[in-house]
Every structure is written in structure tokens, then in C-alpha cells.
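Peer 1: what's the 3D shape of this:
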Amino acid sequence: MDVKDNIVSSESLVQFSLEYGLLRRLEEIHIPTYAEYAQVDFLYTIETYYEGFHQIFTDASKSRDGVGCAFHDPSTNINRKFRLNNHHSVFTAELFSIFKSLEYVEEKYQEFASDKILILSDSRSCLSSLSILRLDYTFTIIHKYILETLAKLKSWGLQVHFLWVKSHVGIEGNEVVDELAKQASRMDIVECRIYSPRDLIPHIKSTMFAKWEGIYNTQTKAKHYKSIQPIPVKHPWFNNKQFTRSINEEVESRDFVRVISRLRSGHTICPKYLHQIRKKTDNLCDCGEIGDLEHIILRCSKNRRNLETTIINICSILKTKYPFNLSSIMATNNPRVYYEVYKFVKNSDLII
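Peer 2: From the prediction side, this is the model:
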């Protein structure tokens, strides 16, 4: 697999196999609870459970500079840094640093003073993934490499344990490897080209959204909707907690979403629209005026009493003066304004 010009391509689907006997939960993973004095808790854990273990700290970093990871061996003062591609997630980078630390153990264990190895990581999610081992899209080829390397080290008589450490609390080894990982993210040569689906999903989403945005901006149709939503968005207008809070106890939310969505799109059961789709012989309202959406909501004399109250409330909310058009008030995305419009529709017995 190769990455060039921000385009990820592969000649074939990435497939791998793993011996069934290696698919077991790693009981050697310890995720302790750290209280206020994390350094004291860390030292207590080491002295109680891991006295005499050869320690190796791992970490990863993802920033605007790039993605990198590293491991640090405080006993030998050996450090190694690895640059990953910008599309890699910090999860993959953390996992890769664990794998490279195990490769280092495989290479140097005969020089260690102990056959008990402790890999220390501040990535709780990575250690949990190794402990649970779900066979879904989160299981990557790096998991396979880690399990195979662990099996090899175990067959050589080594004990490998993992310990979660709390980050940025002054634990020396973790602070050192944290800085090494940041340095690795600024390196030029990429040393990891292994990808998992979760790494590429954000890149695929951003690429698809950019293409959609280009089509949306050049589209000449749907002028009414584009006047309300000039910029494409990734989430629907109602996918917002402020709308949920505003309408949750006052209106039936599904009906609220239906009415407002139709008003935003312009596809409503008004005389002009019914005439366009040949469901009505003319485009006139019962009052004799052209029955477009603007007229039905803001102009029709039939609904004058409810309309006056709605206009006063909207002017108060937006701190503006009448007249205004329907597109401008729908473009506010203001839940209180939408609620006033919704109340007007219901109180006037309008079918939208």
C-alpha cells in the first residue's frame, strides 16, 4: 500500500491470517486507578507488582506537524522514533509504538538484566483493545503482529506485561517518550505504511464532503434552499442540542422537524406548489393572492390575528423590524424563531 499526493491506493484488499491459538485475551494487561497523586500511585504499583521488571515506555503524537510514535528504554537509554503518515490515527500510532517496542525486546532481550518485561503506555484504548480483542474493524494487522511477537517472546521464556500510565502527571519515563513522539511527528521519512479502516475513514469523509461542496456551490437549482443554507453542512439542522432542549417539552419533536424541514426546502402543500405539480388548476390562495409559501406564512389576510402575534415575537427574538421574508428568518437557525413559525402553522390549521 502506498500514499502519494493524499491519495491512498492499494492493488489488492489487505488480508491477513492469524493462528486461532493466539486469539486470547491478554491477562497481562493492568489498568490501575490513579488518584490525585498519580506519581505516588504509579510508584506503588511498580513496587508492588513489577519490582525488577525491565521497563519500556511507549507513546504517540498527532498534531498539525504530522503523526509519530516512539519508545524509551530508561535502563539502557535507548530511544527510537518512528514517523507515520498524516492519515494515521493516534490509536494506530500508539499501537505501532507498542509493536516496535516488542520488536526491540526481541532484538535486545539477551542484554537485559531481567526476563520480565513491562511495556508502559498512556493509551488506555490501545491496551483495552489488546485485552478485549474484538474481531471487527478495530482489529488491525498491527494487533496480529503484536500477538505473534508476544507468542514468540513467551516461547523464549520471557514474561511480557503491560501497564497503563496516566499521561502528563510528571512520570519521568512517560514525559521523555512523550517528547520523543512529538519529535517523531516532525520527521521526514515515513516508516509505517500499514493502514486500518479506521485510519482512512476521516480522509474518505473529508474527500467526499469536498466533492459534495463543489457540486453544491455550482448547482443552479434549489435557489430557495440555498438562500437558507448557502454553505453545505455535515449534519442536519435538527441535530443540535439547542433544538432538542427548546422543543422537547413543548411540541412533538417529529412533527416539528417535519414542518420546519418542509419550510426550509420549499416543498410544502401551498397553492403555487400544488399548481406546479398539476394538483390544482390555479396558483391562487383562498384570499385571491398568489399562494406561494411566502404569502401563506407571512402575508395572508386569513391568518392575520395569529400572524401579528408571530411577527411581534420573531421581531423580539431577533431584535429586528418587520418586514422580513421567510428565507431570512429560516436562515437564522434559531430554535425560538422556528418554534414561533411552528406555532403559527399549527394555530392557523395550515397543512404543510
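Peer 1: Show the model's pLDDT score for the spatially most central residue of the chain.
Peer 2: Nearest to the geometric centre of the chain sits P202, at 7.9 Å (CA atoms, centre = their mean). The score at P202 is 85. That number is its pLDDT.
Peer 1: Check which helices and strands the helix or strand hosting it sits against.
Peer 2: Assigned by DSSP states H and E, P202 belongs to helix 197-218. The elements that helix 197-218 packs onto, with contact taken as 3 or more CB pairs under 8 Å, 6 or more residues apart in numbering; DSSP states H and E, are helix 90-108. Just so you know, the C-beta spots here come from the backbone N, C-alpha and C atoms, and that holds for glycine as well.
Peer 1: What angle do helix 197-218 and the helix it packs on make with each other?
Peer 2: 150 degrees (axes from the mean of the first three to the mean of the last three CA atoms, to 10 degrees).
Peer 1: Report the mean per-residue pLDDT for helix 90-108.
Peer 2: 96.
Peer 1: which parts of it are buried?
Peer 2: The neighbour-count check on helix 90-108 (16 or more other CB atoms under 10 Å) flags 90-102, 104-105 as buried.
Peer 1: How far off centre is that helix?
Peer 2: 25 Å (CA atoms, centre = their mean, to the nearest Å).
Peer 1: thinking again about what came up before, in contact with the residue nearest to the centre of the chain, which residues are there?
Peer 2: For P202, the contact set (CB atoms under 8 Å, 6 or more residues apart in numbering) comprises 87, 89.
Peer 1: can you tell me how far it sits from C315?
Peer 2: Distance of P202 to C315, given as CB to CB, to the nearest Å: 43 Å.
Peer 1: Then K205?
Peer 2: Taking CB to CB, one finds K205 at 40 Å from C315.
Peer 1: longest strand in the chain, by residue count?
Peer 2: The single longest strand within the chain, with elements called by DSSP state E, is strand 54-63.
Peer 1: buried residues in that one?
Peer 2: Applying 16+ other CB under 10 Å to strand 54-63 flags 54-62 as buried.
Peer 1: Residue ranges in the chain under the pLDDT threshold?
Peer 2: Counting by pLDDT under 70, the chain has low-confidence residues at 1-15, 240-252.
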